[in-house]
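# following is a predicted model, sequence given first.
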Amino acid sequence: MKLSSQNPDSEFLSLFGNHLIKKYKKIDKSVKKAALIIDNSNGSNTEAMVSEIKATSYRTTIYGRDNTSGCLDFSNLAFIHFKHYDCYFGVPMSRRIGLPETSIDKNGIAPDVRIPLPLPARLTDNIDEWVIWVAEQLENNN
């Protein structure tokens, strides 16, 4: 279904029932710069997104104080239950191409620009010290 006649270049797609994601048919040329803020608690699926953005977006700069946590080389675990020991063992079903040369697990993904500030005193889903710092960097490097 189309989003609206006012914006025919995008549409909503169904994802897991009622959840919807917005898909764009072309890239918005008015967006000149974008920032993605990471920290060392980002791993796994977040690292997959960061890796993809670093590889494909010339407009996005990755900011952070530390590298990501580093847990992407092996994924999609299948768990085996050992009844005798009452424990589970995780076996990865997929692995990144090019290991060990392209390993992320050893060091994580480094930001393009290091944020020289301590972690915000209170993390919110809104504006904090890091967001203000990154916004100023984007403004100054325009």
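Thanks, I have it.
# domain map for this structure?
As given by automatic domain parsing, the domain ranges for the chain are 1-30, 31-137.
# make TSV from those domains and add mean neighbour count and mean pLDDT to it.
No exception for glycine: its C-beta is placed from N, CA and C like everyone else's. Formatted as TSV, the domains of the chain follow (neighbours: other CB atoms under 10 Å; pLDDT from 0 to 100):
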stretch	mean neighbour count	mean pLDDT
domain 1-30	9	56
domain 31-137	14	88
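# you'd agree Leu117 is up against Trp133?
Yes - in this structure Leu117 lies within contact range of Trp133 using CB atoms under 8 Å: 5.9 Å.
# which residues in this protein form helices?
Secondary structure of the chain (DSSP state H): helices located at 45-56, 129-140.
# got a list of contacts for the first one?
Just to be clear, that refers to helix 45-56. Residues external to helix 45-56 that are found in contact with it (CB atoms under 8 Å, 6 or more residues apart in numbering): 36, 38, 42, 60, 62, 68-72, 104, 108-109, 112.
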